[in-house]
Each structure stands twice: as structure tokens, then as C-alpha cells.
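Chemist: Sequence below, structure please.
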Amino acid sequence: MAPRTDFPPVRACLFDMDGLIIDTEDIYTVCVNLLLRKYGRPDMPWEVKAKLQGRPGPSATKLLMEWAQLPITVEEYARELYALHSVHFPTTQPLPGMVKLLSDLDRTRVYEVDQENGNPNTNKPHRVHIALATSSHESNFKLKTAHLQDVFSVFETHRRVLGDDKRIEPGRGKPLPDIFLLALKTINESLPAGERPIAPEECLVFEDSVPGVEAGRRAGMRVVWCPHPMLKKVFEGREAEVLAGHIGEAGDVDVHQLGEIDDGWADYYESMVDFPYEKYGITIPPAEVSAEGGVTV
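Modeler: Numbering: from 1, shown residues only. Here you go, the predicted model:
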């Protein structure tokens, strides 16, 4: 099929965290492998890790335990892994390009809503709202971000959706679309007066995991996939299937939620350095423009 090219400008960006904003994926691998070696098990291969990425903790733990066959309970595994996380997660750092990307998008708040018709004029530069949609539970989120408050301050507290958010039904984590739909809901419920609600197709999901890409596609949103190099290698030759959400991580779903191969809704990037804002209808204010003062354009 011919890829779609008539997308409306992006008005909201929804971000995964682990392996996308911060470099936690290699830390996760180190911690899991330390635990596996303790019980005489082999290191976790990337083919297994690929199935764990992006999922809520309980779901990922279940899959890992089924593969590893550790001689301990799920509760013991979770307790020992958290102890390792407590040591290693405070060392996390932002991945290349992410600090600039988040700062640039945050500065678009200087663009005011066109109050004459109650809608942002899409022919003019406009604000791009951002929200966090991570499968990390609150305890791990704090471990990973306490030393990076300057980075995560761009996400307003009410626009942070975590893996243990009580508004998400248990068992409805990625690769199902609920977390991204909820993140969009938090944005729409807190839009400035006069700004019309944002539609899913006006959203851009930033993901590194395959279940996360599938979740974004099933939410009816555009997706940017920026995977770890080893994850990219696992799916070598199947990139188009990943971008279409066709890997099948979510099982049977309504057909209207499925994407199509090369339909133009998703793109792969090696990193977030020099992100092409113009492709998505996003205009970034000049660097000297402060997000504190609004400008009418």
C-alpha cells in the first residue's frame, strides 16, 4: 500500500522511558544476569530480553521466570532484583539527543492558542504537549530518576503515567494501547482554555521496545522506534513488521487496531540526535526564546 502522507501536524508527544530517555536497558541486563549466575543459570539472551522490554514489571517477571526456571519464588526473585536495582539504577544517564529533544519540545509552550476560533492554527507554529508513559512502577521510577530531576521536570506530574497507575486495569499494560490512551487523556484534561482536544492521530509515540511500538500503533497513534542496537539485530529483516505492530505481542485484537506494512505511520531512528521536527509539522522556537514567556505567531 502507498504510505500515508497527509498526516496532521503532531500536537502531542508521548514518551516511554527505559531505553528511550535513559540508558536503563543495559543496567537491567546486568542486574538480571547477576541474579541468574547466582543460581547457576545462563545469561539472558536478547531474544528473551526483547519479550520483556516495555512490559509492566509483573508481566516481564512472569516471562523471565518461565524461561529461567529459577529455584526461587517470584517474590524472592523480585526482592533480590530490586536490591540490585537499588545499587545500579542511580547511575542512569540520558541517552544521546534526549535532553535536547525534551527541552526543544518543552519550549514550544511559548506558542499561544489562536483564541479567535478556539483552535490552534495548524498553519502556524503551535505548542506540542508532552506526557510520560512508562511501564516502570513508582518505586523503580524514583530509583531511576531521582538524580535526573532537571531532565524529567519537563513532564508535569499529572502527565506522568506509570506502570502501576491505578487507572490502568491490571493486565492491560503494553503491548495493549491503554497506557498511551491514558497519557493522551491526561493531556486533553489539562489543555489551556480554548484549545481543542488532541486526536490519537495527532500524537507521536516515542518507543524503544517492540511491545511499546505495538501499543502505540494499537492506540491509533504515529510511532517513532529507536531501539537498542542489539534489539534491532534481533528483528533484523522484520523492521517493517515491527513498525506496523505486526509482531503479534498482544494476541488477538480488533482488526481496526492493526497497522499495515509500510503505511507511513511509524519510523525507525538510530538515535534521537538531530530529530527531524519538520517531518512531523513541529516548529521549535529559537534557542534564546524562554518557555516562560508566551509569544503570539
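Chemist: Contact partners for Lys279?
Modeler: When contacts are counted by Cβ atoms under 8 Å, 6 or more residues apart in numbering, Lys279 touches Asp267. Just so you know, the C-beta spots here come from the backbone N, C-alpha and C atoms, and that holds for glycine as well.
Chemist: Recalculate using a threshold of 10 Å.
Modeler: Listed by Cβ atoms under 10 Å, 6 or more residues apart in numbering, the contact set of Lys279 reads Phe7, Val10, Asp267.
Chemist: How about Asp6?
Modeler: So Asp6 contacts Gly264 (Cβ under 10 Å, 6+ apart).
Chemist: doesn't it fall inside a helix?
Modeler: No. Counting by DSSP: H, G, I helix; E, B strand; the rest coil, Asp6 falls outside a helix, being coil.
Chemist: What pLDDT is listed against it?
Modeler: Per-residue pLDDT puts Asp6 at 92.
Chemist: what do you get for Thr122?
Modeler: 60.
Chemist: where in this protein is pLDDT low?
Modeler: 1, 113-123, 249-258, 290-297 (pLDDT under 70).
Chemist: before we move on, the earlier item: could you dump the contacts of Lys279 into JSON lines and include distance to Lys62 and neighbour count?
Modeler: Formatted as JSON lines, those follow (distance: Cβ to Cβ, whole Å; neighbours: other Cβ atoms under 10 Å):
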{"residue": "Phe7", "distance to Lys62": "37", "neighbour count": "15"}
{"residue": "Val10", "distance to Lys62": "35", "neighbour count": "22"}
{"residue": "Asp267", "distance to Lys62": "31", "neighbour count": "15"}
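Chemist: for these, which one is nearest Phe141?
Modeler: Val10 (25.3 Å; Cβ to Cβ).
Chemist: Looks to me like that closest one is in a helix.
Modeler: No. Counting by three-state DSSP, Val10 falls outside a helix, being coil.
Chemist: ok, it touching Cys203?
Modeler: Yes. Contact status for Val10 versus Cys203: in contact at 7.0 Å, counting by Cβ atoms under 10 Å.
Chemist: Name the residues contacting each of the two.
Modeler: With Cβ under 10 Å, 6+ apart, Val10 and Cys203 have common neighbours His129, Met221, Arg222.
Chemist: Wait, the first one touches Arg11, no?
Modeler: Yes. In terms of Cβ under 10 Å, His129 counts as a neighbour of Arg11; the distance is 6.6 Å.
Chemist: Could you pull out the residues contacting both of the two?
Modeler: Common neighbours of His129 and Arg11 (Cβ under 10 Å, 6+ apart) are Thr108, Ile187, Leu191, Glu195, Ile198, Glu202, Cys203.
Chemist: Neighbour-wise, which one of these leads?
Modeler: Highest neighbour count within the shared contacts of His129 and Arg11: Cys203, with 25 neighbours (other Cβ atoms under 10 Å).
Chemist: I'd assumed Cys226 was in contact with Ser271.
Modeler: Yes. Counting by Cβ under 10 Å, Cys226 is a contact partner of Ser271 at 6.5 Å.
Chemist: So if I had to pick from those two, which one is more boxed in?
Modeler: Cys226 (22 against 12).
Chemist: dump the residue contacts of that one.
Modeler: By Cβ under 10 Å, 6+ apart, the residues touching Cys226 are 16, 19-20, 95-98, 206-208, 232, 267-272, 275.
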